[in-house]
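S.K.: sequence? don't have it. structure:
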């Protein structure tokens, strides 16, 4: 396909740059635009420019979810999602014109999604209408309390990849804007997600956001102790290198969570 116009909407600039680079390698003849990663600015772009043929769209944007963007911008193009959600949460929606790419995005998987787009024979407008309904169902599925939560992470280790099961993680912590997962065996792994996004994806019955720096697994808690000014300290196994302190404002919420 020649003269294909593609657009990328990602809420994280490094992810947008990586996808842009991979697309340029796989389809050097495509015209690629990287759009702002928020609903307001991206919607304004769609109102002022011809719509692309294909849109690579992050499910969660800086100021809302992708369906809000779709409702406001009404893009007349095919959409491929980029997401950090576990694939089983999305498997049922990878039909017809919809596809999705799990982060970190790999060249081979991106090529499959592109080929799927290129093989579509349905007129784009008709496919777009059918796709919108499926997108709506997708966003609702992910936003409902009964949604499927993340069960594993893909971890890069040297020249190979391996999966890290969520149930094996004692806690997550953030340091210098880098997120780490610490296993029950006290092994650390870098995670390509901030704590805010992890909070959305982890089962709230098992994980609690204790403060800005840490998220803990209920099964990793050894004991809790009172702290000054009605705060709480949490001791975990393996132990965190600093005190895990829960503020007075969150202390009652934490106690209710433990007693659920």
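M.R.: Everything's here; your move. Because the structure is predicted, anything quoted here is derived from the model rather than measured.
S.K.: tell me where the stretch 51-200 of the chain has strands.
M.R.: For the stretch 51-200 of the chain, the strands identified by DSSP state E, counting those that start in this stretch occupy 54-58, 60-61, 64-65, 78-83, 99-102, 152-157, 160-165, 169-175, 178-183, 188-191, in order along the chain.
S.K.: which other residues reach the second one?
M.R.: Right, strand 60-61. 9, 11, 37-39, 42, 66, 68-69, 83, 197, 200 (C-beta atoms under 8 Å, 6 or more residues apart in numbering). (Each C-beta comes from the backbone N, C-alpha and C, glycine too.)
S.K.: residue 15: which element?
M.R.: For residue 15, the element it lies in under DSSP states H and E is helix 13-26.
S.K.: which secondary structure elements does that helix contact?
M.R.: Helix 13-26 sits against strand 5-9, strand 31-35, strand 54-58, helix 107-119, with contacts defined as 3 or more C-beta pairs under 8 Å, 6 or more residues apart in numbering; DSSP states H and E.
S.K.: hmm, 7 Å instead?
M.R.: For helix 13-26, the packing partners by 3 or more C-beta pairs under 7 Å, 6 or more residues apart in numbering; DSSP states H and E come out as strand 5-9, strand 31-35, helix 107-119.
S.K.: about what we covered before: and the furthest pair within the contacts of strand 60-61?
M.R.: In the contacts of strand 60-61, two members sit farther apart than any others by C-beta to C-beta. They are 42 and 200, at 20.1 Å.
S.K.: for the most centrally placed residue in the chain, what are its contacts?
M.R.: Closest to where the C-alpha atoms of the chain average out (C-alpha atoms, centre = their mean) is residue 84, at 3.2 Å. Going by C-beta atoms under 7 Å, 6 or more residues apart in numbering, residue 84 touches 103, 193, 197, 201.
S.K.: from residue 178, how far off is it?
M.R.: For residue 84, the distance to residue 178 (C-beta to C-beta, to the nearest Å) stands at 16 Å.
S.K.: and residue 168, by the same measure?
M.R.: As judged by C-beta to C-beta, residue 168 and residue 178 stand 20 Å apart.
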